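Student: Make a model of this:
(one chain, ligands or ions: 1)
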Amino acid sequence: MSYARVLCVGLVGVTGHVVEVEADLSPGLPAVVLTGLPDTALHEARDRVRAAVVNSGQPWPNRRITVNLLPAALPKQGSGFDLAIAASLLAGAGELPAGALDGVVIIGELGLDGAVRPVRGVLPMVAAAVRAGVTRVIVPVGNAREATVVPGVTVRAIDSLHRLVDFVRGGGALLDPPGRDRTPPAAGPDLADVAGQELARYALEVAAAGGHHLALFGPPGAGKTMLAERLPSILPELDDAAALEVTALQSVAGVLPPDGRLIRRPPFQAPHHSATMAALIGGGSGLARPGALSLAHRGVLFLDEVPEMATATLQALRQPLETGRVVLGRARGSTEFPARVQLVLAANPCPCASPAGDQFCTCPPPVRRRYLAKLSGPLLDRIDITVTLKPLSAAQLLTSGSAPATPSAAVAARVAAARSAAAERWSAGGWRINAEVPGPQLRRPPWRLPPSDTTGLRRALDRGLLSARGFDRVLRLAWTIADLDGRDRPGRADVEEAIQLRTGETTK
Ligand SMILES: [Zn+2]
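Tutor: Okay, the predicted model is just below:
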């Protein structure tokens, strides 16, 4: 027998594809040829595999070795193929019994000493194996916990090539994956900590209930970041499918917590305003990493000090926010990551950012205008709710100490009730939250509001206070306000309140 075949999984973006690793050993000049679109890391794999085999005490077959990765058209990146390559060529050389690894997916990077190292993206790789009908996987011990998150698969862990050889020959055992961490996950920040800012708290609740994008303006110290960080605490937990998506993205990024469980809380990402394009959008050499935009998928993307961000960066956010996914141009084809986020923007009212508020501003008017102009256009047009926070006075801070603010759990219950009312109403169209409902749907019977209730809205449109897109955004907000209030459709007062939330000219 001079031919063998072993299964592995390759990743494109966050999607895994089962890859067959074939090895053929033929007489001729000793050499190793890798085929099937390998990238640089795969060429390096050749040297790693040779050293690992020899240092594991196995004879290196001095023949012409061809290793082929199928399907050839699939771009293959990363170092996760090492162990499968080593196993296939040892089996092809007759060092391992034929057929012993049939129907098993083997994932892992090899060190020169034969140790098996963890790789990024094991969770989506194992999920792909299960989808393809494979129910047994062997993964690096450092990745075994995340692999067990996938239902319907038997996970065995491995720490060295030597152990794999022993196991296949029938002389040794593989390792059990480490047990799940049973301690409850640490609670995130809670709305009970936010003093005052009644209007901003209400805006946050509306944003959570309808899935609306939010902008917070105000001086430093007014609590913009505190509020944004607490948005995930009032959003519903992720369902199974969403939790698997979010956990898989963290696995590919290599930032998955080691406790080995599905991420159930909507994620929160707050990239710095000077973050590089790769950090924000994703990229990097070899196996592409998702950026903050995709790590915030199904959760909250918080952009603080937006006017300080580079124009090119703001432009790059535009398309993903529209389509809900990031497309990265790569040397071979393109890679896609999901990026369906709820956006929270924050900005100081001007560059001098006086904590006491606008009356102490020292900025010349043109500087102030230029600063805010940066915000307008692509991003601000997508914002549903604008709130200007006032500086907190000492009196507010003191009184808030005596009357604790409503905790996140109570707000989350109201948000959940409003969301289920919306989901039921829109179930025929397949929309779950008001933010997803297309504008025309809201302007047609039976959902069109009576003209008497929308006079203010039409006046705002005529006076140029609102764009056509803004008009629809106000309608969606009005529905969310009614949902939170437990009424089955919005009235005139809800529309007025929605206009105020949208334009930021609010009196509440
Ligand atoms: Zn200023």
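Student: just checking, residue 194 touches residue 231?
Tutor: No. Residue 194 is beyond contact range of residue 231, at 11.4 Å (criterion: CB atoms under 8 Å). Yep, even glycine has a C-beta here, placed from its N, CA and C like the rest.
Student: and the helix or strand where residue 204 lies, which residues are buried?
Tutor: Per DSSP states H and E: residue 204 is located in helix 198-210. For helix 198-210, the neighbour count (16 or more other CB atoms under 10 Å) marks 199, 200, 201, 202, 203, 204, 205, 206, 207, 208, 209, 210 as buried.
Student: of those, closest to the ion?
Tutor: If you rank these by distance to the ion using CB to the ion, residue 200 comes first, at 20.9 Å.
Student: What distance do you get for residue 267 to the ion?
Tutor: Distance, residue 267 to the ion, using CB to the ion, to the nearest Å: 34 Å.
Student: what's the answer for residue 11, then?
Tutor: Going from residue 11 to the ion by CB to the ion gives 48 Å.
Student: Would you double-check that that residue falls in a strand?
Tutor: Yes. Judged by DSSP: H, G, I helix; E, B strand; the rest coil, residue 11 forms part of a strand.
Student: Contact partners for it?
Tutor: Counting by CB atoms under 8 Å, 6 or more residues apart in numbering, residue 11 touches 17, 77, 78, 80, 121, 124, 125, 252, 287.
Student: Could you rerun that using 7 Å?
Tutor: By CB atoms under 7 Å, 6 or more residues apart in numbering, the residues touching residue 11 are 78, 121, 124, 125, 252, 287.
Student: now, among the residues you listed, which is nearest to the ion?
Tutor: For the contacts of residue 11, the nearest to the ion is residue 252 (42.1 Å; CB to the ion).
Student: quick one: that closest one is in a helix?
Tutor: Yes. Counting by three-state DSSP, residue 252 is part of a helix.
Student: what residues are up against it?
Tutor: For residue 252, the contacting residues are 11, 14, 120, 121, 124, 289, 290, by CB under 7 Å, 6+ apart.
Student: what's the most distant pair in the residues you listed?
Tutor: In the contacts of residue 252, two members sit farther apart than any others by CB to CB. They are 124 and 289, at 13.2 Å.
Student: distance between the ends of stretch 132-145?
Tutor: 21 Å (CA to CA, to the nearest Å).
Student: hmm, back to that, can you work out which residues contact both of residue 194 and residue 231?
Tutor: Applying CB under 7 Å, 6+ apart, one finds that no residue jointly contacts residue 194 and residue 231.
Student: one step back: looking at the contacts of residue 11, which is nearest residue 86?
Tutor: residue 78 (15.6 Å).
Student: what about the closest one, which SS state?
Tutor: Under three-state DSSP, the three-state class of residue 78 is coil.
Student: My guess is it contacts residue 288. True?
Tutor: No. In this structure, residue 78 is not within contact of residue 288 by CB atoms under 7 Å, at 9.7 Å.
Student: Whether stretch 209-218 contacts the ion - can you check?
Tutor: No. For stretch 209-218 and the ion, the contact criterion (CB under 5 Å from the ion) is not met; the two come no nearer than 12.6 Å.
Student: so what's residue 492 up against?
Tutor: Contact analysis of residue 492 by CB under 7 Å, 6+ apart lists 452, 453.
Student: go again using 6 Å as the cut-off
Tutor: Residues in contact with residue 492 (CB atoms under 6 Å, 6 or more residues apart in numbering) are residue 453.
Student: any idea how far the ion is from it?
Tutor: 38 Å.
Student: Residue 28 too?
Tutor: According to CB to the ion, residue 28 stands 76 Å off from the ion.
Student: Surely that residue is in contact with residue 65?
Tutor: No. Counting by CB atoms under 6 Å, residue 28 stays clear of residue 65, with 9.7 Å between them.
Student: Show me which residues of this structure are close to the ion?
Tutor: For the chain, the residues in contact with the ion (CB under 5 Å from the ion) are 350, 352, 361, 363.
Student: other SSEs contacting the helix or strand that residue 420 is a member of?
Tutor: Using DSSP H and E, residue 420 falls within helix 408-425. For helix 408-425, the packing partners by 3 or more CB pairs under 6 Å, 6 or more residues apart in numbering; DSSP states H and E come out as helix 198-210, helix 468-484.
Student: what's in contact with the last one?
Tutor: Taking CB under 6 Å, 6+ apart as the criterion, the residues outside helix 468-484 that touch it are 206, 209-210, 384, 418, 421-422, 434, 439, 442, 457, 461, 489-490, 494-495, 497-499, 501-502.
Student: Which helix or strand contains residue 442?
Tutor: Of the helices and strands defined by DSSP H and E, residue 442 is found in helix 439-443.
Student: The residue nearest to residue 190 when sequence neighbours are not counted and residue 192: what is the separation?
Tutor: Closest residue in space to residue 190, ignoring its immediate chain neighbours: residue 408 at 4.7 Å, by CB to CB, 6 or more residues apart in numbering. Using CB to CB, to the nearest Å, one gets 7 Å for the distance from residue 408 to residue 192.
Student: For those two, indicate the residue with more neighbours.
Tutor: residue 408 (24 against 16; other CB atoms under 10 Å).
Student: per-residue pLDDT, that one?
Tutor: pLDDT recorded at residue 408 is 94.
Student: The one 4 residues further on too?
Tutor: We note a pLDDT of 96 for residue 412 in this prediction.
Student: Give me the neighbour count for the spatially closest residue to it that is not a sequence neighbour.
Tutor: Nearest non-adjacent residue to residue 412, counting by CB to CB, 6+ apart: residue 234, 4.5 Å away. Using other CB under 10 Å, residue 234 has 25 other residues around it.
Student: same deal with residue 464?
Tutor: Number of residues near residue 464 (other CB under 10 Å) recorded here: 7.
Student: do the one 10 residues further on as well
Tutor: Under the neighbour criterion other CB under 10 Å, residue 474 is assigned a count of 26.
Student: Likewise for residue 269?
Tutor: When counting by other CB under 10 Å, one arrives at 18 neighbours for residue 269.
Student: Next up, identify which helix or strand the residue nearest to residue 456 when sequence neighbours are not counted is on.
Tutor: In space, and not counting its chain neighbours, residue 456 is closest to residue 496: 5.4 Å by CB to CB, 6+ apart. If you go by DSSP H and E, residue 496 is part of helix 492-503.
Student: pLDDT of that helix, averaged?
Tutor: Averaging pLDDT along helix 492-503 gives 93.
Student: angle of it against helix 198-210?
Tutor: For helix 492-503 against helix 198-210, the angle by axes from the mean of the first three to the mean of the last three CA atoms, to 10 degrees is 100 degrees.
Student: In helix 492-503, which residues are buried?
Tutor: Under the neighbour-count criterion of 16+ other CB under 10 Å, helix 492-503 has 492, 494, 495, 496, 497, 498, 499, 500, 501, 502 buried.
Student: And stretch 312-326, by the same measure?
Tutor: Applying 16+ other CB under 10 Å to stretch 312-326 flags 313, 314, 316, 317, 320, 321, 325, 326 as buried.
Student: Please apply the same query to stretch 160-174.
Tutor: Those would be 160, 161, 162, 163, 164, 165, 167, 168, 174, for stretch 160-174 by 16+ other CB under 10 Å.
Student: nearest to the ion, of the residues you listed?
Tutor: Checking these against the ion by CB to the ion gives residue 160 as the nearest, at 61.8 Å.
Student: shouldn't residue 214 be in contact with residue 342?
Tutor: No. Assessed by CB under 6 Å, residue 214 is found out of contact with residue 342, at 7.9 Å.
Student: Can you get me a residue count around the closest residue to residue 460 other than its chain neighbours?
Tutor: Excluding the flanking residues, the one nearest residue 460 by CB to CB, 6+ apart is residue 466, at 4.5 Å. Look at residue 466: counted by other CB under 10 Å, it has 20 neighbours.
Student: quick one: residue 466 and residue 449, what's the gap?
Tutor: 15 Å.
Student: And for residue 45?
Tutor: For residue 45, the distance to residue 449 - CB to CB - is 63 Å.
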